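Peer 1: sequence unavailable; structure follows:
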């Protein structure tokens, strides 16, 4: 079979394992993966407690809607890191002061758990967790290979990380799950202000227009790096997703490249071959939409709904 034939067959197989006939086994595996995820590399979080305590944002927020989808979260997270790594100070701070290269899965778990606690966790739990993150960030400082100093507490860098994360998760959900309006985006950026303030990201975008303005201001600072390509290879190979989603991990990484702004892709050297093929794009959208209908009892979204006395499927009902 030719190379093109093998590629098409592989994509078809990746889709078939996620389609409706295997829904039951897939739900069980994803629910089991949700339990493992909540270990967070050693930190256990119960999103169902304390009973009745609200989160930083409410269950009718765009944030709660977006963060429940494991497919778009993975894609959006990769896109966010691509944007972060385009900024040399952020790139050096992450690459030089984390275990990402040695133990990417644990690092991804911790980062993902922090995002989930920020959105779904009880306010007191989220505030305590963010305080701990800030203490660790206070110890992160150094210089880029070109000699430019950086600090993880720099509000400009925190603002960039906040904005790129918001962009990645929003655009992944909109592109591969359900289209979001500009009004949805504005709501999300406004909702993120409470957590941005706690993280020290002063001046983080509070609207879509502010996000676009920040990206335009930061564009001259962005630059290419071989680390970006090393990161992409790690994300394709690391067992970051449960089976059967691991079969689609290569496609999800390419999906992340696809939603990265074209001007940033050009700077990073991420040409067309790094993005999705036409058939692959349709497959990823089908998977994203399917994942948005699977209620995982062990996942943070369902646990948080129980904490607030809401049905587990509250976030999965038609708007």
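Peer 2: Now that the structure is in, tell me what you want to look at. Everything numeric here is computed off the predicted structure, so don't read it as measured data.
Peer 1: CA atoms for contacts and neighbours, from now on please.
Peer 2: OK.
Peer 1: dump the residue contacts of residue 62.
Peer 2: Taking Cα atoms under 8 Å, 6 or more residues apart in numbering as the definition of contact, the neighbours of residue 62 are 184, 187, 188.
Peer 1: what's the local residue count around the second one?
Peer 2: Right, residue 187. Residue neighbour count, defined by other Cα atoms under 10 Å, stands at 17 for residue 187.
Peer 1: where does residue 130 sit: helix, strand or coil?
Peer 2: Under the three-state scheme (DSSP: H, G, I helix; E, B strand; the rest coil), the conformation of residue 130 reads as helix.
Peer 1: you'd agree it is up against residue 197?
Peer 2: No. With contact taken as Cα atoms under 8 Å, residue 130 and residue 197 are classed as non-touching, separated by 10.4 Å.
Peer 1: give me the more crowded residue out of those two.
Peer 2: Neighbours were tallied for residue 130 and for residue 197 using other Cα under 10 Å; the higher tally belongs to residue 130 (19 against 13).
Peer 1: quick one on the thing from earlier: just give me the closest of the contacts of residue 62 to residue 102.
Peer 2: Taking Cα to Cα as the measure, residue 188 is the one of the contacts of residue 62 closest to residue 102, at 33.7 Å.
Peer 1: nearest residue to that closest one other than its sequence neighbours?
Peer 2: Counting by Cα to Cα, 6 or more residues apart in numbering, residue 62 is the residue found nearest to residue 188 once chain neighbours are left out, at 5.6 Å.
Peer 1: for the helix of greatest length in the chain, buried residues please.
Peer 2: Ordering each helix of the chain by length in residues (DSSP state H) puts helix 155-176 first. If you call a residue buried by 16 or more other Cα atoms under 10 Å, then helix 155-176 has these buried ones: 155-176.
Peer 1: please give the centre-to-centre distance between it and its chain.
Peer 2: Here the centre of helix 155-176 is set off from its chain's centre by 8 Å, with Cα atoms, centre = their mean, to the nearest Å.
Peer 1: what is the neighbour count of residue 132?
Peer 2: Residue 132 has 12 neighbouring residues, counting by other Cα under 10 Å.
Peer 1: just the local confidence number for it, please.
Peer 2: At residue 132, the model reports a pLDDT of 93.
Peer 1: for it, give its distance to residue 126.
Peer 2: Counting by Cα to Cα, to the nearest Å, the gap between residue 132 and residue 126 amounts to 10 Å.
Peer 1: any shared contact partners between those two?
Peer 2: Common neighbours of residue 132 and residue 126, counting by Cα under 8 Å, 6+ apart, are absent.
Peer 1: right, and residue 72 touches residue 178 too?
Peer 2: No. Under the criterion of Cα under 8 Å, residue 72 is not in contact with residue 178, lying 10.2 Å apart.
Peer 1: of these two, which one has the most company?
Peer 2: The residue with more neighbours, out of residue 72 and residue 178, is residue 72; 32 against 15, by other Cα under 10 Å.
Peer 1: what packs against the helix or strand just after the longest helix of the chain?
Peer 2: Once the chain leaves helix 155-176, the next helix or strand it forms, by DSSP states H and E, is helix 182-191. Packed against helix 182-191 by the contact rule (3 or more Cα pairs under 8 Å, 6 or more residues apart in numbering; DSSP states H and E) you find helix 62-66, helix 208-218.
Peer 1: chain center to whichever helix or strand comes after the first one: distance?
Peer 2: Just to be clear, that refers to helix 62-66. Of the helices and strands lying after helix 62-66 in sequence (DSSP H and E), the nearest is helix 70-85. In terms of Cα atoms, centre = their mean, the centre of helix 70-85 is set 4 Å apart from its chain centre.
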